[in-house]
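Asks: Quick one, fold the following:
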Amino acid sequence: MYKVDIMSCVSDPLLIEEDVFNLWLAGLTVDQAVDMRYKKDSSCSSFDRTIVTLDTEDQYQTFCLLEPLLRKPPALASSPVVNMPFITDTLLQQYYSLDAEVARELVGRGQKMTAKLRKDLDTISDKTGIPMKSCLRQYDNIKRIYKEVDEKDGKVSQNIQRYYGLSPALCQQYAAIIYIVDNRIDVAPRK
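Replies: Below you'll find the model as predicted:
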């Protein structure tokens, strides 16, 4: 006979800790995130490490379940899972945020977003010091937005705003990236 321990926690509305979400977006492992939570949040020190680890694991699992919805903002907006618009907006802005160093490396060589570039993400991660998971998310986001709005009529930034609901500043960043990729402009730093 097998013994199985199951822990379950259900919350309605969905509880999301923005700090933990940012650690997940940064590509940190659960253990790294727990360490960061102890360093940054003095209230964590009053809890047993096991509790903080379980909470972080739970949050990470929630984020993994939400990720397919974050990739398709109209699905997220109509989802009963996240029924609070301000949370939805915050999650989208953070999920589609860009690290300047990663974005520059991704589009800097004047090449298209190809599978070869995707294979080079480990090099980009090493060069920028940004975890591979975060580089991969940014690459996928750029490629997804590029495919969605390229060849559509109208201003690129407005098309991004319409479909993804991102802030005007973030839409401008993605529009600039799309312009650079489309025109194969080399923006790599010179030595």
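
Asks: Quick check: what element follows the longest helix along the chain along the chain?
Replies: When the chain is parsed with DSSP state H, its longest helix is helix 49-71. Toward the C-terminus, helix 49-71 is succeeded by helix 73-78 as the next helix or strand (DSSP states H and E).

Asks: With adjacent residues omitted, what lies nearest to the residue most central in space within the chain?
Replies: In the chain, the C-alpha nearest the mean C-alpha coordinate belongs to Tyr95, at 3.3 Å (CA atoms, centre = their mean). Residue nearest to Tyr95 in three dimensions, not counting chain neighbours: Leu70, with 4.6 Å by CB to CB, 6 or more residues apart in numbering. C-beta coordinates here come from the backbone N, C-alpha and C atoms, glycine included.

Asks: Quick check: that neighbour touching Gln93?
Replies: No. Leu70 sits out of contact with Gln93 when judged by CB atoms under 8 Å, with a separation of 10.7 Å.

Asks: higher neighbour count, the two?
Replies: Shown here are Leu70 and Gln93; by other CB atoms under 10 Å, Leu70 has more neighbours (20 against 15).

Asks: Let me know how buried Lys116 is, in neighbour terms.
Replies: 9.

Asks: and if you look at Gln59?
Replies: By other CB under 10 Å, 20 other residues sit near Gln59.

Asks: Same question for Ala176.
Replies: As a burial measure, Ala176 scores 15 neighbours (other CB under 10 Å).
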